[in-house]
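> For reference, the sequence and a predicted model appear below.
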Amino acid sequence: MKRKIWIGIGVAVVMALAIVLIVTQIKKEPEEIKIGAIVPLTGPFATYGEPVRDGMLLAVEEINAGSGINGKQIKFILEDDAGDPTAAVNAFNKLAKVDKVPIVLGPLSSGASMATAPVAEKNKVIQISTLAGTIDLTNAGDYVFRIYPSSEVASRYIAKVAIERFTAKRVAIFYPESAPGFTAKQFISEVVNAAGVEVVAEESFKDGDRDFRSQLSKIASKKPDVILCSAYYVEGALILVQAKEQGLNVPILGEDGWFGPIADIARDALKNLYFANVAFGPEFKDNQVMQKFITAFEKQFSKKATAYAAAGYDAIYLAKKAIEIGGYDGQKIKDALYEIDLQGAFGRIKYDDNGDNIGATYDLFQLNAKNEAVLVKKL
């Protein structure tokens, strides 16, 4: 009888120890905070990716030099997807399943971000795309957020600029035959048509095109006051040059995709370019976080800070704040992100129910001979 009692006690002790062990493991805090990132550092998107990466590295350095996140150091795991959707998916799977990060900052581009969104949802890992503007990301999933606002914001803004600041009565719309291009055309057309402004020409091109003379000749024949052109800087530089060749010395207005190293190609045609971007720069002195970041970035990297660098910087601080509020878990980070109203170096970051940043504001810029964004104060 006593033997059975002792056996029972032994079993109970073993079970109790097992339960304690399980609970201990569940409650055990990680020794370091892993944050993943996917940034194009090679390929055609590297020009966008490098400043984003640099902003992230500066933020990680600052946080680790302080108290970290909840007293833990950040282990920053950076993957290069070269802007390729397949590479981005592979990188996301690696970060989620091998490194077991609860949050990934990136991808950067719209195509890569759309490709990884289902992976984020399946693994319940947060995705915070940095520069992706595609409208489709709005409905890509509960675990998908972004830093840059939807391209709808910039497209509508630049159309209003054409009407209100350039007093355009006749506009031409020139857009790429891609998902971002079609949506930009849609939003621009809505604003222009609502204002009663005449659209005298609509022409399109394909990403990767190098000759735009035929479309620009047709646009020139219609004598528009401005050209509303959604383009990336690679095609954009040639559009500026060829427009001038066609005698089209009118303002060409677009979104932040124009922001790139085009001064040496466009030369004096550069003066015709105006583009919308988030309100970032030394002129915005009311944002002390922004001004502190600009100083720190330029000291660290010996180059000018950009809105892209600020987006990377704020992505790290956003992750920090969400983990501190919610905990080191994908679902809890997701819930925390909806509560956050961050005044960062990029500007304000506040999310709607779709994970779209509705806090940022836009302004109008030109490029100078050093490919730096210069705020347009007066026309």
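Alright, I've got the coordinates.
> CA only for contacts and neighbour counts going forward, please
Noted.
> Make sure Gly208 is indeed in a strand.
No - when the secondary structure is assigned by DSSP: H, G, I helix; E, B strand; the rest coil, Gly208 falls in coil instead of a strand.
> Count the residues that sit near it.
When counting by other Cα atoms under 10 Å, one arrives at 10 neighbours for Gly208.
> That one is in contact with Tyr233, isn't it?
No - distance between Gly208 and Tyr233: 11.0 Å, which falls outside the contact criterion (Cα atoms under 8 Å).
> What separation do you get for the spatially most central residue of the chain and Lys377?
The residue at the geometric middle of the chain, judged as the C-alpha nearest the mean C-alpha position with Cα atoms, centre = their mean, is Leu131 (1.8 Å). Computed with Cα to Cα, to the nearest Å, the distance linking Leu131 and Lys377 is 25 Å.
> could I have stretch 62-78 exported to CSV, CA atoms only?
The C-alpha coordinates for stretch 62-78 follow below in CSV (Å, rounded to 0.1, in the frame of the first residue of the first chain):
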residue,chain,number,x,y,z
GLU,A,62,21.0,54.3,-31.3
ILE,A,63,18.7,51.8,-29.6
ASN,A,64,21.4,49.3,-28.8
ALA,A,65,23.6,52.1,-27.4
GLY,A,66,20.7,53.0,-25.1
SER,A,67,18.5,50.6,-23.2
GLY,A,68,17.5,48.4,-26.2
ILE,A,69,14.0,47.1,-26.3
ASN,A,70,12.8,46.2,-22.8
GLY,A,71,16.4,46.0,-21.8
LYS,A,72,17.3,43.6,-24.7
GLN,A,73,19.6,44.2,-27.6
ILE,A,74,18.3,44.2,-31.1
LYS,A,75,19.6,41.5,-33.4
PHE,A,76,19.1,43.0,-36.8
ILE,A,77,18.8,40.4,-39.6
LEU,A,78,19.0,42.0,-43.1
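> From the chain's centroid, how far away is it?
For stretch 62-78, the distance between its averaged C-alpha position and the chain's averaged C-alpha position is 22 Å (Cα atoms, centre = their mean, to the nearest Å).
> Name the residues that touch it?
Under the contact criterion Cα atoms under 8 Å, 6 or more residues apart in numbering, stretch 62-78 has outside partners 31-39, 60, 95, 320, 323-324.
> cutoff 10 Å now
Residues lying outside stretch 62-78 but in contact with it, judged by Cα atoms under 10 Å, 6 or more residues apart in numbering, are 29-39, 53, 56-57, 59-61, 91, 95, 99, 101, 104-106, 296, 316-317, 319-321, 323-325, 327.
> Only the buried members of these: can you turn that into a ChimeraX selection?
One line in ChimeraX is enough to select the buried members of the contacts of stretch 62-78, burial here meaning 16 or more other Cα atoms under 10 Å:
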select :33,34,35,36,37,38,39,53,56,57,59,60,91,95,101,104,105,106,316,317,319,320,321,323,325,327
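> count of neighbours near the closest residue to Asn354 other than its chain neighbours?
Counting by Cα to Cα, 6 or more residues apart in numbering, Asn354 lies nearest to Thr138, which is 5.6 Å off, once chain neighbours are set aside. Neighbour count of Thr138, defined by other Cα under 10 Å: 20.
> wait, what's in contact with the residue lying closest to Ala112 once chain neighbours are set aside?
The shortest distance from Ala112 to any residue other than its chain neighbours is 4.0 Å, reached at Pro85 (Cα to Cα, 6+ apart). Residues in contact with Pro85 (Cα under 10 Å, 6+ apart) are 91, 107, 109-116.
> Looks to me like Ala172 is in a helix.
No - counting by three-state DSSP, Ala172 is located in no helix; its state is strand.
> For it, give its distance to Asn139.
Using Cα to Cα, one obtains 30 Å as the distance from Ala172 to Asn139.
> ok, the two, which is more surrounded?
Neighbours were tallied for Ala172 and for Asn139 using other Cα under 10 Å; the higher tally belongs to Ala172 (23 against 13).
> quick one: the strands in this structure?
Using DSSP state E, the strands found in the chain span residues 32-38, 73-79, 103-105, 126-129, 144-146, 170-176, 198-205, 226-229, 252-254, 273-278, 341-343, 348-350, 362-367, 373-375.
> surely Arg210 meets Val241?
No - taking contacts as Cα atoms under 10 Å, Arg210 lies outside contact range of Val241: 11.1 Å.
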